[in-house]
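Engineer: task: produce atomic coordinates for the following.
(one chain, ligands or ions: 1)
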Amino acid sequence: MRMSDRLNPRKRSMQLSRLFVLSLFCLLLPWAQPAVAQTDLTGYWVLRVPNGDGIFREVYIQINQSGKTISGTLFGRGPNGTPITGTFKDRQLHFATVPPAPPANGAAPSPYFSRSQVYDGVYQDGKLSLQTQNYRKETMQGIAERTTREAALPPAPLPLPALRDLPDNGLVRTPPMGWNSWNKFASRIDDAAVRTMADAMVASGMSKLGYVYINIDDTWEGGRDAAGNLIPNKKFPDMKALADYVHSKGLKIGIYSSPGPKTCAGYEGSFGHEVQDANTFAAWGIDYLKYDLCTAMTIYQSTQEDEQGLYQKMGDALQKTNRPIIYSLCQYGQADVWKWGAKTGGNLWRTTGDIRDDWASMDRIGFGQLAIASFARIGHWNDPDMLEIGNGGMNTDEYRTHMSLWSMLSAPLIAGNDLRNMTDDTKSILMNADIIAVDQDPAAKPVQVLSEQGKIETLWRQMKDGAVVIGIFNRGDAAANGTVAWSDVKLGDAGQKLQVRDLWKHQAVSTVGDRYTATVPPHGVEMLKVSVAEGK
Ligand code: GLA
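Structural biologist: As a prediction, this is how the structure comes out:
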């Protein structure tokens, strides 16, 4: 207010009366508006998100509303659902899941469980239009409608078989090698892409090096026909024809299912249809099944007893088909699966949550395997998840480390990139025959720690031919030196001449002196094969 106005009594009285009218208006406003009762969202809702392949992903939400505050549960994967908290105001709904504590056994939680998922939306005409992002940061949008408690809750458990040891199926005497659709393509995978991937597996020369499995991961499922047979969705018009095509290339084909009613991506699972589905897979000519726990966790406990029973059920069904089918367990390393996975007929078992295409994830998972390395054995492998090599999130040194570490661990080498279009770097990493030979060494002796020097971690493993492979890994962010004393490598008789080969540079390394120092780039590796020099 200016000084001149303050001194003018007429103006001042006009201002006062304006102020009076305004205050009165403000006071009466709430009473003057027609009463709009805040909608009560309390109850059960089903959110249906279209996947674009004719299949809807269903998410069940139980909402408790108190004023503008929302609480409740989202039913998906956890044994009792995941709690939610949020607000509902002026038709706008906002809530987020509250992630549970990480698993008690020290296993890394899957990204599904460790992050809070945020949902936003609006209420209109009895429906909620909701949007969220999946863990790959892809937007998912759908409509939620009211449903019943019965529809929202997971089905009652079906009885599990008495536990027994299934026989070894005699497959994968060395770790399986191949390709899987998930890491690069997730749901963007179809019949045509799988065929061209099989073509590329052969054309690139990868198949000659041992990569033979072409594995279709989640999102191929279409539901069940009237007889209860599992059928593919429209992305995969004819699974038998696709399997025939892959076989015609001299390759083998893998598929994916879950012991739960729904897979992790919300597609049809094998719950209650284990025998029928195993027979369907065998009839299509499937050679490899990845069986992913997912929604079975909403029905059963995450204990050895329950999970062994679930995996035995499908393991038994697969063996009874009499078709050789590799059995890949995927339950994220819960309940020390490496101790009992083989009893269920399992050929490999995931030991961790999902890998991501970044150094932190690969480093944590890879070096986290050393304590359980001795549980990997012929026909039964620890699976620290599929390769990210070539997907772009790591540099060449990091991808070399990925390949070297997985090979030192005798891990399955399942490429997860687009084989149809690989850079020379990617090819040279995935197709390094010397490193593949480490992975595929028929003795499958466990990797051991030779030394730790600052950020340098040196691992070694003895090969069937008596040679020793040494991996000098630099886990640090700066170049660093790692030293190996040749006497640490107990090879042949003392004083025997050694020959050393660098498995990435593909050249001999000098053995002059009693020790060797490598300067290793940040996040890089030097892989050496040391053997007794012949004829000397
Ligand atoms: C889980 C598995 C992944 C992949 C997805 C598919 O997260 O761990 O490897 O199979 O499910 O939905």
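Engineer: buried residues in stretch 415-428?
Structural biologist: 415-419, 422, 426-428 (16 or more other Cβ atoms under 10 Å). In short, each C-beta sits where N, CA and C put it, glycine included.
Engineer: give me the subset of the residues you listed touching the ligand.
Structural biologist: Applying Cβ under 6 Å from any ligand atom, the subset of the buried residues of stretch 415-428 adjacent to the ligand is empty.
Engineer: need the max-distance pair from these.
Structural biologist: Spanning the widest gap among those are 416 and 428, at 17.3 Å by Cβ to Cβ.
Engineer: residue 286 contacts residue 243, doesn't it?
Structural biologist: Yes. Contact criterion Cβ atoms under 8 Å: residue 286 and residue 243 qualify, at 6.5 Å.
Engineer: any common contacting residues for the two?
Structural biologist: residue 253 (Cβ atoms under 8 Å, 6 or more residues apart in numbering).
Engineer: pretty sure residue 418 is in a strand, no?
Structural biologist: No. Going by DSSP: H, G, I helix; E, B strand; the rest coil, the assignment for residue 418 is coil, not a strand.
Engineer: in space, what's closest to it - neighbours in sequence excluded?
Structural biologist: Using Cβ to Cβ, 6 or more residues apart in numbering and skipping the chain neighbours, the partner closest in space to residue 418 is residue 184 (5.5 Å).
Engineer: number of nearby residues for that neighbour?
Structural biologist: 22 (other Cβ atoms under 10 Å).
Engineer: ok, the nearest residue to residue 293 once chain neighbours are set aside - contacts?
Structural biologist: Nearest residue to residue 293 in three dimensions, chain neighbours excluded: residue 331, at 4.0 Å (Cβ to Cβ, 6+ apart). Contact analysis of residue 331 by Cβ under 8 Å, 6+ apart lists 292-293, 307, 311, 337, 349-350.
Engineer: parallel or antiparallel, list what pairs with the host helix or strand of residue 144.
Structural biologist: Using DSSP states H and E, residue 144 maps to strand 139-147. Partners of strand 139-147 in the sheet, by DSSP bridges, are strand 43-50 (antiparallel), strand 127-133 (antiparallel).
Engineer: quick one: residues in contact with the first one.
Structural biologist: What it means is strand 43-50. 56-63, 128, 130, 140-149, 151-152, 266.
Engineer: could you check the angle strand 43-50 makes with the top strand by length along the chain?
Structural biologist: The strand spanning the most residues in the chain, taking DSSP state E as the definition, is strand 56-66. Between strand 56-66 and strand 43-50, the angle comes out at 150 degrees (axes from the mean of the first three to the mean of the last three Cα atoms, to 10 degrees).
Engineer: can you list the buried residues in stretch 366-386?
Structural biologist: 366-370, 372-373, 375-376, 379-386.
Engineer: try stretch 242-257
Structural biologist: Per 16+ other Cβ under 10 Å, stretch 242-257 contains these buried residues: 242-243, 245-246, 249, 251-257.
Engineer: export those residues to CSV and tack on distance to residue 47 and pLDDT?
Structural biologist: Output for the buried residues of stretch 242-257, formatted as CSV (distance: Cβ to Cβ, whole Å; pLDDT from 0 to 100):
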residue, distance to residue 47, pLDDT
242, 32, 99
243, 34, 99
245, 37, 99
246, 36, 99
249, 41, 98
251, 39, 99
252, 38, 99
253, 34, 99
254, 31, 99
255, 28, 99
256, 24, 98
257, 24, 98
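Engineer: quick check: the farthest pair among these?
Structural biologist: 249 and 257 (23.7 Å).
Engineer: give me the pLDDT for the nearest residue to residue 335 once chain neighbours are set aside.
Structural biologist: Using Cβ to Cβ, 6+ apart and skipping residues adjacent in sequence, the residue nearest residue 335 is residue 304, 4.3 Å away. Residue 304 carries a pLDDT value of 98.
Engineer: residue 249 against residue 196, yeah?
Structural biologist: No. Between residue 249 and residue 196 there is no contact under Cβ under 8 Å: 11.0 Å.
Engineer: backbone dihedrals for residue 368, both of them.
Structural biologist: phi -80, psi 0 (degrees, to the nearest 10).
Engineer: distance check, it against residue 353.
Structural biologist: 11 Å (Cβ to Cβ, to the nearest Å).
Engineer: what do you get for residue 331?
Structural biologist: 10 Å.
Engineer: now residue 148
Structural biologist: 33 Å.
Engineer: against which helices or strands is the longest strand of the chain packed?
Structural biologist: Applying 3 or more Cβ pairs under 8 Å, 6 or more residues apart in numbering; DSSP states H and E, we find strand 56-66 packed against strand 43-50, strand 69-75, strand 82-89, strand 139-147, helix 149-152.
Engineer: does the longest one reach the ligand?
Structural biologist: In other words, strand 139-147. No. Strand 139-147 is not in contact with the ligand by Cβ under 6 Å from any ligand atom; minimum separation 13.3 Å.
Engineer: ok now that strand, how far from the chain's centre?
Structural biologist: Chain-centre distance of strand 139-147: 25 Å, with Cα atoms, centre = their mean, to the nearest Å.
Engineer: ok, the last one next?
Structural biologist: Computed by Cα atoms, centre = their mean, the chain-centroid distance of helix 149-152 equals 29 Å.
Engineer: past it, which element shows up next along the chain?
Structural biologist: Assigned by DSSP H and E, the successor of helix 149-152 is strand 177-180.
Engineer: parallel or antiparallel, which strands does that following strand pair with?
Structural biologist: When DSSP bridges is applied, strand 177-180 pairs with strand 213-215 (parallel), strand 413-415 (parallel).
Engineer: can you say which of these is nearest to residue 444?
Structural biologist: strand 413-415 (13.7 Å).
Engineer: give me the contacts around the closest one.
Structural biologist: 175-180, 206, 210-211, 213, 215, 386-387, 389-390, 403, 406-407, 430, 436, 439.
Engineer: pLDDT (mean, whole number) over the helix or strand just after that strand?
Structural biologist: Heading C-terminal from strand 413-415, the first helix or strand you meet, by DSSP H and E, is helix 424-430. Averaging pLDDT along helix 424-430 yields 98.
Engineer: tell me what helix 424-430 is packed against?
Structural biologist: Judged by 3+ Cβ pairs under 8 Å, 6+ apart, helix 424-430 is in contact with helix 396-408.
Engineer: run the chain-centre distance for the helix it packs on.
Structural biologist: 18 Å.
Engineer: send the alpha carbons of that helix over as CSV?
Structural biologist: Extracted in CSV, the C-alpha atoms of helix 396-408 (Å, rounded to 0.1, in the frame of the first residue of the first chain):
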residue,chain,number,x,y,z
THR,A,396,34.8,-53.8,-23.4
ASP,A,397,37.0,-54.5,-20.4
GLU,A,398,33.9,-55.0,-18.2
TYR,A,399,32.4,-57.5,-20.7
ARG,A,400,35.7,-59.3,-20.9
THR,A,401,35.6,-59.6,-17.1
HIS,A,402,32.0,-60.8,-17.4
MET,A,403,33.0,-63.6,-19.8
SER,A,404,36.1,-64.5,-17.9
LEU,A,405,34.5,-64.6,-14.5
TRP,A,406,31.5,-66.7,-15.7
SER,A,407,34.0,-69.1,-17.3
MET,A,408,36.1,-69.4,-14.2
